[in-house]
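S.K.: sequence below, structure please.
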Amino acid sequence: MPPESPPVAAPAPDASAPFPPTQPGLLELFLAFAKMSLAGFGGVLVWARRGIVEQHRWMTAEEFNETFALCHFLPGPNIVNLSVVFGARFRGIAGGFAAFAGLVGPPMVIATILAALYMHYGDIPALRRTLAGVACAAVGLLIAVVFKMMMPLIKRRDVTGLIILTAVFAAIGLIRWPLQIVLLVAIPLSLAITILTRRMVRA
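M.R.: Numbers count the residues shown, from 1 in each chain. Below you'll find the model as predicted:
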């Protein structure tokens, strides 16, 4: 009888293959967004991106940019919209409520306490200088996260996206055109360019 052949070794898993995103539970969504909101003095966007993309890896950088862009065109605060959209993506309506409660609940309690204290001690010069310093730090954090969100466009060499980004920034931030008018022009234009570019690539 022929000798038995040695068992074939199982192929090693491909380390470069992307892992599927984990499915956070309701409690995990609440705690994650509560942590983001408590850390996000001056703006939660910085900590939301760090937690969702870098720490938990629930989204890629491109997915986060796309979701946050969608939230810009929905009524209400952008980061609140992001929490509801993100939670609903994984756990439906209950997930949206859990993420929203985590984002809004703890800061609401703290803000109520601080507002009561500010009524009594708001005229102290040292407190005003402290708040001015916090405002400068918040602007720095916002600029840092803007550059991080631009990196996927730069890595993909998305020239069209960068041109639209620059044009919208110039129109709103420098020329001071109304936001609504700029968006009414920029959104259809960017969609048309994207569709046309994809058709040209497929052809």
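S.K.: longest helix in the chain, by residue count?
M.R.: Taking DSSP state H as the assignment, the helix of the chain that covers the most residues is helix 78-121.
S.K.: which ones are touching the residue positioned nearest the centre of the chain?
M.R.: By C-alpha atoms, centre = their mean, the chain has its centre lying nearest to residue 49, at 4.5 Å. Neighbouring residues of residue 49 by C-beta atoms under 8 Å, 6 or more residues apart in numbering: 64, 145, 148, 149. Using the backbone N, CA and C atoms, a C-beta is placed for each residue, glycine as well.
S.K.: check residue 80 too.
M.R.: Going by C-beta under 8 Å, 6+ apart, residue 80 touches 100, 103, 104.
S.K.: highest neighbour count among those residues?
M.R.: residue 103 (29 neighbours; other C-beta atoms under 10 Å).
S.K.: ok, residue 197 to residue 160 distance?
M.R.: With distances taken as C-beta to C-beta, to the nearest Å, residue 197 is found 7 Å from residue 160.
S.K.: ditto for residue 142
M.R.: For residue 142 relative to residue 160 (C-beta to C-beta), the value is 25 Å.
S.K.: how about TSV for the contacts of residue 49, with secondary structure and pLDDT added?
M.R.: Shown next, in TSV, are the contacts of residue 49 (DSSP: H, G, I helix; E, B strand; the rest coil; pLDDT from 0 to 100):
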residue	secondary structure	pLDDT
64	helix	90
145	helix	74
148	helix	76
149	helix	77
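S.K.: as TSV, those residues with distance to residue 80 would be great.
M.R.: Shown next, in TSV, are the contacts of residue 49 (distance: C-beta to C-beta, whole Å):
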residue	distance to residue 80
64	16
145	17
148	21
149	18
